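# Output the structure for:
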Amino acid sequence: MKIEKYIRDIQGFPKEGILFKDITPLLINPEARTNCLKILVDSLEGKKIDKVVGAESRGFFLGMLLAQELNAGFVPVRKPKKLPYETISAFYELEYGSDSLEMHIDAIKKGDRVLIHDDVLATGGTAKAVCELVEKLGGEIVQCNFLMELTFLNGREKIKEYPVFAALTY
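Below is the predicted model of the structure:
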């Protein structure tokens, strides 16, 4: 089964000039979702993972399933003021402006072996910020995992010091 047929292109979303890759058809189909999860898990063969860190919000879907499959803890990384406990923050640049992400201060322990997961590697800003949060808390990044990578945006350059895997590339 080819999982790419479950990624729907939406022209002009969220704004004109963008071709959005919609993962909803993949999430709806149990067989496609299971196949996708297997591809992502197989990329980690022989690697021990203590925590899976999922980036808000679409990184939560498969990130939680990966954590379950790997018998690892799951750590959500969220936009500011969405987490109830004390947090640390990392800032990153957008096309116009900047944003930040937060993680609970007790989510990662020193020496934890961490898998970072998000749905898309685009410009790399989100992924880089998540890596910074993990390392601030003493975690060791084993791999950055993505459902898909938009190679024309060169996001891999921002996280080139880490192993990167994407199930699909565009």
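# Low-confidence stretches in the chain?
95-96 (pLDDT under 70).
# ok, now how distant is the residue nearest to the spatial centre of it from Asp9?
Here the mean C-alpha position of the chain is nearest to the C-alpha of Asp118 (Cα atoms, centre = their mean), at a distance of 1.6 Å. Distance, Asp118 to Asp9, by Cβ to Cβ, to the nearest Å: 19 Å. Every residue, glycine included, has its C-beta placed from N, CA and C.
# ok so, going back, next SSE downstream of whichever strand or helix holds the residue nearest to the centre of the chain?
In this structure, Asp118 sits in strand 113-121 according to DSSP states H and E. Helices and strands here follow DSSP H and E; after strand 113-121, the next one along the chain is helix 125-136.
# Tell me which stretches of this structure form helices.
24-28, 30-42, 59-70, 125-136 (DSSP state H).
# Of those, which is nearest Ala167?
Of all the helices of the chain, it is helix 30-42 that lies closest to Ala167, at 4.6 Å by Cβ to Cβ.
# between the closest one and helix 59-70, how many degrees?
Computed by axes from the mean of the first three to the mean of the last three Cα atoms, to 10 degrees, the angle separating helix 30-42 from helix 59-70 equals 70 degrees.
# The residue nearest to the centre of the chain and Ser57 touch, don't they?
No: look at Asp118 against Ser57 with Cβ atoms under 8 Å: they stay out of range, at 9.8 Å.
# I figured Val142 was touching Lys47, is that so?
Yes: at 5.3 Å, Val142 counts as touching Lys47 under the criterion of Cβ under 8 Å.
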